[in-house]
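Q: Fold the following.
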Amino acid sequence: QVQLVESGGGLVQAGGSLRLSCVASGRTFTRYTMGWFRQAPGNEREFVAAIWWSTGSTSIADSVKGRFTISRDNAKNSVVLQMNSLKAEDTAVYFCAAKYGSGIFTSAGSWDYWGQGTQVTVSS
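A: Numbers count the residues shown, from 1 in each chain. The predicted structure is shown next:
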């Protein structure tokens, strides 16, 4: 059974940084794409970033490009979203997701597994 557990959310001032971690368990993820989405109240779940576990290839949404990076830690079986220069509009619940296969899957409905989410609040 696949489990994705996020951590690292919290309250930060605008311009600050946060590091979100997603620990994945339940299978070998080398043939999976791992991603981060976010959802603000009243909004749809929005693609943020993804990484193809096998090669480390990444895709970053234009809205966060240059500020956020995604990486994986094979030893810890985890995926990290490093968020810098945070803005008030980055406030949302951030979800970790996993999908079998490689590609750019920006639609939330395309993903197979989800974590419970972690709240990120950026004060202006």
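Q: Backbone torsions only: list them for Thr28.
A: Phi and psi for Thr28, reported as degrees, to the nearest 10, are phi -90, psi 130.
Q: Just the helices from the protein, written as ranges.
A: Under the criterion DSSP state H, the chain carries no helices.
Q: what sits against the residue nearest to Cys96 when sequence neighbours are not counted?
A: Leaving aside its chain neighbours, Cys96 sits nearest to Cys22 (3.4 Å; criterion: CB to CB, 6 or more residues apart in numbering). In short, each C-beta sits where N, CA and C put it, glycine included. The neighbours of Cys22, taking CB atoms under 8 Å, 6 or more residues apart in numbering as the test, are Leu4, Val5, Glu6, Ser7, Met34, Trp36, Ser78, Val79, Val80, Leu81, Cys96, Gly115.
Q: Now the buried members of those.
A: Leu4, Glu6, Met34, Trp36, Ser78, Val79, Val80, Leu81, Cys96, Gly115 (16 or more other CB atoms under 10 Å).
Q: What residues are bridge-paired with the fifth one?
A: Right, Ser78. Beta-bridge partners for Ser78, by DSSP bridges, are Val23, Asp73.
Q: before we move on, back to that, CSV for the buried ones among the contacts of Cys22, including distance to Phe105?
A: Below are the buried ones among the contacts of Cys22 laid out as CSV (distance: CB to CB, whole Å):
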residue, distance to Phe105
Leu4, 15
Glu6, 18
Met34, 11
Trp36, 12
Ser78, 20
Val79, 14
Val80, 19
Leu81, 16
Cys96, 14
Gly115, 16
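Q: Going along the chain, name the strands of the protein.
A: 3-7, 10-13, 18-25, 32-39, 46-52, 58-60, 68-73, 78-83, 92-100, 113-114, 118-123 (DSSP state E).
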